[in-house]
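Participant: Need the 3D shape of this:
(2 chains)
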Amino acid sequence: MTLPKSFDAAEAEPRIYAEWEGSNAFAAGANAQRDETFSIVIPPPNVTGSLHMGHAFNNTLQDILIRWHRMRGFDTLWQPGTDHAGIATQMVVERELAKSGRSRTDFSREDFLDLVWEQKRKSRGNIRSQLQRLGASCDWAREAFTMAGAPGDPEGAPGGQNFHDAVIRVFLELYEKGLIYRGKRLVNWDPHFETAISDLEVENLEVDGFMWHFKYPLANGETYTYVERDADGNVVLEEERDYISIATTRPETMLGDGAVAVHPSDARYAPIVGKLCEIPVGPREHRRLIPIITDDYPDPDFGSGAVKITGAHDFNDYAVARRAGIPCYRLMDTRARMRDDGDAYAEAAMRAQEIVSGLKLSDAEIDAINLVPDELRGLDRFEARERVVEAITEEGLAVMTTDEEGNAVPLVERKKIMAPYGDRSKVVIEPMLTDQWFVDAEKIVGPAIEAVKTGETTILPESDRKVYFHWLENIEPWCISRQLWWGHRMPVWYGFDLAREGFRDDEGDGALDPVEVGRLLSHQHLLRGEERHHAAHDFESVRRQFDDVLAGLPTPLNHARVVEVADREAALHTIAESLAEYSVSQDPTHLVYPVWQDPDVMDTWFSSGIWPIGTLGWPEDTPELRKYFPTSVLITGFDIIFFWVARMMMMQYAIVGERPFDTVYVHALVRDEQGKKMSKSLGNVLDPIDLIDEFGADAVRFTLAVLAAMGRDVKLSKDRIAGYRNFGTKLWNAARFAEMNGAVCGQDGVPEATAPVNRWILGETARVREEVDAALEAFRFNDAAAALYAFTWHRVCDWYVEFSKPLLQGEDEGLKAETQRVMGWVIDQCLILLHPFMPFITEELWDVLAERRKMLIHADWPQYQAADLADAAADAEMRWVIAVIEEVRSVRAQMHVPAGQYVPILATEIDAEGRRAWDRNAALIKRLARIDSLSEVESFPRGTATVALEGTTLGLPLEGLIDVAEEKARLEKTQAKLDKEIRGLSGRLSNPQFAANAPEEVVEEARENLAAREDERARVAEALSRLAEIG
RNA sequence: GGGUGAUUAGCUCAGUGGUAGAGCGCUUCGUUCACAUCGAAGAUGUCGGGAGUUCGAAUCUCUCAUCACCCA
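Facilitator: Now for the predicted structure:
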């Protein structure tokens, strides 16, 4: 049976993939023939996501390494799975609900989560089947999910792998070691999703903005002399001022100012440091006064040099406020609207003023103060900004300047400002002071840095090490709580802190009297009070912790029974009711103590942070964990070095004390052919599945591999993919030729060869095998792919297949049989070596060409050495044969000899070696160069086109056909090229320093080279002078 | 502002001190029985500018310019 003319990828790919899967070819340990293991955990894509070019790239590289190791007999595991992508997945479901006018809050948390689980079930197969289209040979039976086994998971924990329990356990371990804490800190708040996000989920974009300049009047009408000097110290401005000028891009936050700061070295403001100034917004009768302080943060050369400090809405201000003990007043609610809660403005402002005068309040008490003037309450932050600007301007407290016509106008600079945007929501992020959970990253970062410094873990390319170090060495606390429903819920319960001051047992008699119980009933205290919390795997275990606390309280509280309620509000209600009942019944056994679970969930990256151990079964001591951990390689995009790689390093060390992987290979971005980032808005997105449909998975994979130069972006074009699709067809047709000519595939071992052409290709094959192994060993995917391309196309197809034709179709049966064996072997080697890159087409050919013991996916990777297979004499001979053919072809083309016409050829001065080479390869040369005979002559007849080669000069007698001018031009061009080379070589050789300093072999090579070039030059010169005679 | 990388053929890019390369594109020729998703031949470069180290620099150093990305 003859093969069809090309490979039908659409038909074959699913069929072949099914055969692999059906025979468990991807299973962990399949084809293992040695003890060494090789394992990769897949960077988990979002469960609701779909495959984009970056995934295709990333997984192609992983599959190449996995298949290569599996064929080499390593005990290999490629661990697949997806993550639950908190915000993204919740967003998908909410968007779906929005279509029918519903929202998340129309459902109970449990009901909503059921919808998300359903969505997860629907989307999960998506990315998996896309990876399968690509040919990814993951062990799908082990497919993991970062929320597997969480409450509500309808599938339970497949394979007994309960990722949820592992995540909770990690949280508790870190919590108990004091590495996770709860605190009120400034976080990035996403007003759209109403959740905190980490600083990595914020994109800073440059947008058009304004800088306003306002006057903050000094308290009690005080004045000072404001003096400005130039660089030489000369006074350029001197005036009496009763205010300090402040520049801001966010006037609405002035309402929450706690101070004005200037640099300690700034002489202009030295006279007023320590004095009070007035915030020029809000009702005049309740203007707040704030102190003027010094701090290193303000830049004296920027704006007025004075900065307003709004600790609750700006990260820099927050740092200043913390240093100086300035209160941070929160101005907005969870949707970034101006607060509309708490006391009226007049009372709030008064209370804030008391703090300036020395009143000490707790963070919670300060947070309860709402400093938004009544008329601005409930407004959107941007609307509030306009109103504030208007009010100040109206009052005449804007700094003025003159416009082109000389009118006085408020000074408002238009300028580019960096604004933070949520990477998912695309709305402006609001720094917000809230209670959140944090990982004390600084305490666990050490081993992660050390591991890369000592080389325990290698990061490639090396330049990415710096990025990694820079981030880790400046690490900030990691906010891991998210105000979402979809995710691992915090295993933390809260209860009122009844032991706090104010609930004291006045008499110390171990029992509370009615007055004291009545005090407990006061909601205000409970509302404003702090809670105590305990962390545990479940309510039952946390209850015991609360029991212990209650036991230490006075009667009747020590009798209270711990019950779980929905939230804080329910708890208030429950405890009030219970105490009221007690005050009537005086029966302590009916008292209940309500606790409620933290509603927040953990950052998705916290759970994917334990991906390497979690997927292998930790905390159980599984055989897989013992065998495949630490994993061998992580292949991932540079964009998640911080999000994921650095955190995995930290967390694996913190939990199991070991590196998660030996090597991290960081790849760059896939861009379009102009080098632009692929984005939906630009419309330049290439969908890998479309490309696979059009060109086949092998072509897409090979293209990505050959473009994967380390540390460089991949610029992808369809032309390029089409080119490598053609490469597949080329391979296919070489195999087709081999099959049609009785090539023997499926032999054991390397065939014996006597003919130079066969000996030559054995050596070439061994060389490319070494090259491919070396390149893959060094993660140089592009070098490996390029070497295979050049070998398969330019050595096997262009030369070896052509050379083989006269032998396979010739009379010499022995030579024919040898060539059939060598041809079959060479084709087999191409299939084996290309399989990691182009798995489908190679597997198909492997199957068609011979009966095999195993599928190609499990074929043995060769180990032969060029040192054993290469034959220098055969190499030299074939180089000469190729040179003869190329030169003759070149002359023919330039002299316009019809392509199909056979011509005689003449030789002068042919040496014995040349004669032998000719004789042995005459059939090949004659056929490939279209020559009918070779005769030796003393000298060429008139009208001969000459070819100068090492050891001989060949001539094509073209009497009457030759164009003298053209031939002269051709020879002169050759001569010029030779002259240039000779000049370079002799220049070097005549320099005594060269001989003295350069290595022996370099000098020797140059000398030989020069001799050969000079020999050729002499022949060309001779030909030219002969031509001159005719001319 | 800090950091990283880049600048090589028309385009996209390899190339870690020893005679400048690949793919695509372009020009000419070619339907001989593996392949027109092909074959043969060909053109195209002050390796961003400048300086230095070296017998020798696309490659190492410095500097300038331009671009890109990351972090403030």
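Participant: count of residues packed around A:K977?
Facilitator: 14 (other C-beta atoms under 10 Å). (Each C-beta comes from the backbone N, C-alpha and C, glycine too.)
Participant: Touching, A:E228 and A:A267? I think so.
Facilitator: No: using C-beta atoms under 8 Å, A:E228 is not in contact with A:A267, being 9.6 Å away.
Participant: Can you give me the neighbour number for A:V187?
Facilitator: Using other C-beta under 10 Å: A:V187 sits among 25 other residues.
Participant: May I see the buried residues of stretch A:92-112?
Facilitator: A:V92, A:V93, A:E94, A:L97, A:R104, A:F107, A:F112 (16 or more other C-beta atoms under 10 Å).
Participant: Make CSV from those residues and add distance to RNA strand B, pLDDT and secondary structure to it.
Facilitator: As requested, the buried residues of stretch A:92-112 are arranged in CSV below (distance: C-beta to the nearest atom of the strand, whole Å; pLDDT from 0 to 100; DSSP: H, G, I helix; E, B strand; the rest coil):
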residue, distance to RNA strand B, pLDDT, secondary structure
A:V92, 24, 84, helix
A:V93, 28, 87, helix
A:E94, 26, 84, helix
A:L97, 32, 86, helix
A:R104, 29, 85, helix
A:F107, 35, 88, coil
A:F112, 32, 90, helix
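Participant: Which strands or helices does the strand or helix carrying A:G987 pack on?
Facilitator: Assigned by DSSP states H and E, A:G987 falls within helix A:964-990. Helices and strands touching helix A:964-990, by 3 or more C-beta pairs under 8 Å, 6 or more residues apart in numbering; DSSP states H and E, are helix A:872-894, strand A:944-949, helix A:1000-1030.
Participant: change it to 10 Å
Facilitator: With contacts taken as 3 or more C-beta pairs under 10 Å, 6 or more residues apart in numbering; DSSP states H and E, helix A:964-990 sits against helix A:872-894, strand A:944-949, helix A:992-997, helix A:1000-1030.
Participant: And RNA strand B, is the longest strand that chain A contains touching that?
Facilitator: Under DSSP state E, the strand in chain A containing the largest number of residues is strand A:202-217. Yes: residues of strand A:202-217 contacting RNA strand B under C-beta under 7 Å from any atom of the strand: A:N204.
Participant: Just the mean pLDDT for that strand, thanks.
Facilitator: Model confidence over strand A:202-217, given as mean pLDDT, is 82.
Participant: Could you tell me how far it lies from the centre of the chain?
Facilitator: In this view, strand A:202-217 has its centroid 32 Å away from the chain centroid, taken as C-alpha atoms, centre = their mean, to the nearest Å.
Participant: again, but for stretch A:993-1012
Facilitator: 47 Å.
Participant: quick one: A:V595 is in a strand?
Facilitator: Yes: A:V595: assigned to a strand according to DSSP: H, G, I helix; E, B strand; the rest coil.
Participant: list the contacts for it?
Facilitator: Going by C-beta atoms under 10 Å, 6 or more residues apart in numbering, A:V595 touches A:493-496, A:531-534, A:539, A:542-543, A:545-546, A:562-565, A:571, A:574.
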